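S.K.: here is my input; please provide its structure:
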Amino acid sequence: MLWRVCQGYRQLHQAAFLLLTSHRPFTHPSLLLVQPLHQSIVAQWPSAAAQVRLSYDSTPARHSVIREVSRPRRKMKASGVSLMGAEKLPDPAFSAMVDALFCHGTMKRGALRKLQASGNSSPFLDHLGDRVKAATLATLMVNTTRPRRALEILIVARELGCNLKQSAYECVAHALAERQYWTLVPPLVELGKQHTGRTTIRLLNWCARALLETQQFSQFDHLPERFIVEGLRPNRRTFHLLISGHLRNRDLFKAKQYLAEMEAAGFPIDTSTHALIVSVYRSLGSDPVVKAKAVEVLQGADDRFSTVILNSLMQLSLDTNDMPGALQLLSQSTRPVTDSGRAPNPGGDITLGGGDGALPVEPGDTYGPPRTDNPLPIPAPLYDAATFTMLINHLARDGDLTRALGVLQRMKAMNVIPDSSTAAALVRVHFRAGHPEAAVRIVADICEAHRVPRFLFSYVGLGSLEPSSPTLLPPGLIPTTDLFNALLEGVLRMHGLNGMRIVRRIMQTSNVRVDEFTLDTFLSYLEKDGQARPRQLMSLLRTLPFREAPLTLRHLHVIMKSVLRQEKNLLRVRNRKLSASDFITRRVEPLLSAGRLSGVAESLDPTAGICFPRAHSYRSLMRPILKRLAVRRVRSDRATFALRINHDAVVKGDLKMAEDSFQAMVARGMHPNEYHFSAMMEGYAEAGDLRAAAEIMESAVKMGVARNVTMYTILIMGHARQRNPTQAVRVFHDMLAAGVKPDVMAILALMRAFIIAQKYISARRVLLQLWPSIGPFPLELHRVPLKQLAAEFKALGKRNQGVPGPFSKQTQRMLRWKLRRIASSWKYPKAYFEETRPHHVSRRATPNANSISR
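M.R.: Numbering: from 1, shown residues only. As a prediction, the model looks like this:
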């Protein structure tokens, strides 16, 4: 048994290591075409940008160090993404020279002297001897597959006696930031200081931005001291970076401190400051004061900041599930003029113009636009592609494909060109709506123009390999990490680890890096599907080389949720052996004394005060992970506090401690959401105080948090435990009256209320009557026993969520074999798609592709 556990961990580690590997070169060129799902509503996009192909000169001139390559480059505009002509790349021969000089990480001065004596590399050395050409070559090295060559070029140029100016380091820093190579920016700033003996405000600002993006908050805190040492005066951008960084780290006190210092330094609060605050305040939650001030500033803001403010306000509204409020903001931001000189009534419209691109209107719809024959011209719109992308992402939660495509049509009507983030949102909504082939086709058509073999997508659900026409999206979109994260999320639900292996291969071929969301998607899949236990996830996360994707709180959340679920299951088993009178007093102490439940830590950061259990070596396994976050001074976020409140209220049954944790979060300036209120409600419901649980839900509504199905399910389950099906039915009716749609768990909770009260006929009637609200009722189940009927209904919910059922030993063995194949595909890429069968799986016992791809 121990051997199998070790094998499972080793294979999980190998699978995760595949996410953090180097990139693969491009392969086949082709053109870009996109397949629509519904031909009747396809938008024929105008030519947004020139169609380009990758082309390389196989015989470059010997005197040329720099070569032009037609490769698309992104340039963000208010309307989307455009292309910026040809991109210049250094000659591969000179890149190889740099690699040879730094083959062991440090420069070989002896090899450089031999290179000078040989005389065969005079063009290379001539470029490095000229400060302008050396700076240009270093900047171009950022575009190669190994951007560290840019720093190495500067080192070699300095060794050859070239005195570079600070502008050279600033140009390289800008190029690194444009490609988001943030880990190389601080070493570049230090290199410039070493070579020239000084630095600039611009370089220190780039360094601050890099530390912020990589979440190195411990070094970020010492930046003001660095300005004092260098004798430089911070500018407005410096203060904005300091304020933004501390807000993103949930440190409201220091953010206010630097805001006061900025005013004292002669930089008053202006529109750019308000735009910055509202854009990063999302980490703390929706603050009415901040929103009101942002709305006030929006009226007089210029085009540079009005779009940022609008998008941030809409995102805060969507975070609280306030779609009408978000659409009202969008309607009020346009202010078109009618023939009569009056602005039309915005109501809940997504846009003030109508036309064919408007959202479909349904009976009772609160945000469908009015239809007009001629769309009205809208001067100086405040919205961009990100504005509509947020709406599509929100609609993707419910799989509302019709309205998502309506938003896309509206973008065309408003001459807003979608970008790669819009494509990623469309991929999500297609997967959620049950159209996986259309989702995969969107990604395949975007990658078609970037030399990605189309046959790779056939392994993840693409039917036809022919390019599609007409188009849902404009040509010229670039594959991004966000696009592949959306693909990976859907493919993992459909094809499991097989799909992850293929998506990772496509990312390598497209030269797209992974990020923290990629790793979070993979870890969440392993945790939700029950394939990895907390100990395996801890060991996996502990040993990962975080070169491309830094360790963040998102990865910690996955482990904390896994431990919390394990503790709840453990208590659920013990509760069956305890009487009702001993439910609170005796369920926690034996497990706490045995070290099987989480305790309380000395600090609230980064786990919100949760100390992992001693059992199964959890505490020792988590120590280096927590140390990484603590050294960087990463503070707990709202999700971490939600897990802490849930642990205090539900696992420990200590409602006083849960309230203290709730107040500690509020004291830090973070605003509670539905997860925090649901955790408190669950604690009171477990304790039998349903009146207090209902009062918490009303308090949440007063604070702007909408009621959801989870809150009502908690109340229904509480009445079920008290053998009160009548009150459970009343809560269910209140849920329907509030416009909240019941899910599988809510219906099962109502059914259990009748089962616990031993009213089995009523329980069966409830289940049969409410089944159609989830899906069509199978007629063959009409006469099956209630127990089997409930099991089938519960399985229906798991299928809708993409959660597989229990695995057999044979399937588990097949899954372990697939994990080994993922690891071997990294070592032996030529045998990537060789179909081999493990020796311990017989041909007769091999499951089909659908069963093993879970």
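S.K.: apart from its neighbours in sequence, what residue is nearest the residue nearest the centre of the chain?
M.R.: In the chain, the residue lying closest to the centroid (C-alpha atoms, centre = their mean) is residue 517, at 4.2 Å. Once flanking residues are discounted, residue 517 sits nearest to residue 485: 5.0 Å by C-beta to C-beta, 6 or more residues apart in numbering. Bear in mind the C-beta positions are built from the backbone N, C-alpha and C, glycine included.
S.K.: list the contacts for the one you found?
M.R.: Residues counted as contacts of residue 485 (C-beta atoms under 8 Å, 6 or more residues apart in numbering) are 424, 515, 517, 518, 521.
S.K.: how about these in TSV, adding pLDDT, secondary structure and distance to residue 139?
M.R.: Listed next are the contacts of residue 485 as TSV, based on pLDDT from 0 to 100; DSSP: H, G, I helix; E, B strand; the rest coil; distance: C-beta to C-beta, whole Å:
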residue	pLDDT	secondary structure	distance to residue 139
424	95	helix	29
515	88	coil	24
517	91	helix	29
518	90	helix	28
521	91	helix	33
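S.K.: can you put those in TSV and add distance to residue 186?
M.R.: As requested, the contacts of residue 485 are exported to TSV (distance: C-beta to C-beta, whole Å):
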residue	distance to residue 186
424	30
515	19
517	23
518	23
521	28
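S.K.: please check these and keep the buried ones.
M.R.: 424, 515, 517, 518, 521 (16 or more other C-beta atoms under 10 Å).
S.K.: can you tell me which of those is nearest residue 110?
M.R.: residue 515 (39.4 Å; C-beta to C-beta).
S.K.: what strand or helix carries residue 175?
M.R.: According to DSSP states H and E, residue 175 maps onto helix 166-178.
S.K.: with just CA atoms, put that helix into PDB.
M.R.: Extracted in PDB, the C-alpha atoms of helix 166-178 (Å, rounded to 0.1, in the frame of the first residue of the first chain):
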ATOM      1  CA  GLN A 166      21.500  54.500 -18.800                       C
ATOM      2  CA  SER A 167      19.100  54.800 -21.800                       C
ATOM      3  CA  ALA A 168      20.400  51.400 -23.000                       C
ATOM      4  CA  TYR A 169      19.300  49.700 -19.800                       C
ATOM      5  CA  GLU A 170      16.000  51.600 -19.900                       C
ATOM      6  CA  CYS A 171      15.300  50.300 -23.400                       C
ATOM      7  CA  VAL A 172      16.100  46.700 -22.500                       C
ATOM      8  CA  ALA A 173      13.900  47.100 -19.300                       C
ATOM      9  CA  HIS A 174      11.000  48.300 -21.500                       C
ATOM     10  CA  ALA A 175      11.400  45.400 -23.900                       C
ATOM     11  CA  LEU A 176      11.500  42.900 -21.000                       C
ATOM     12  CA  ALA A 177       8.400  44.400 -19.500                       C
ATOM     13  CA  GLU A 178       6.600  44.400 -22.800                       C
END
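S.K.: could you tell me how far that helix lies from the centre of the chain?
M.R.: 28 Å (C-alpha atoms, centre = their mean, to the nearest Å).
S.K.: now stretch 633-645
M.R.: 17 Å.
S.K.: how about stretch 306-314?
M.R.: Distance, centroid of stretch 306-314 to centroid of chain: 20 Å (C-alpha atoms, centre = their mean).
S.K.: can you tell me the average pLDDT over it?
M.R.: If you average the pLDDT over stretch 306-314, you get 90.
S.K.: list of residues touching it?
M.R.: Contacts of stretch 306-314 (C-beta under 8 Å, 6+ apart): 78, 274-275, 278-279, 281-282, 291, 294-295, 297-298, 301, 326, 329-330, 333, 382-384, 386-387, 390-391.
S.K.: apply 6 Å and report the result again.
M.R.: Residues from elsewhere that reach stretch 306-314, judged by C-beta atoms under 6 Å, 6 or more residues apart in numbering: 275, 278-279, 294, 298, 301, 326, 329, 333, 382, 384, 386-387, 390.
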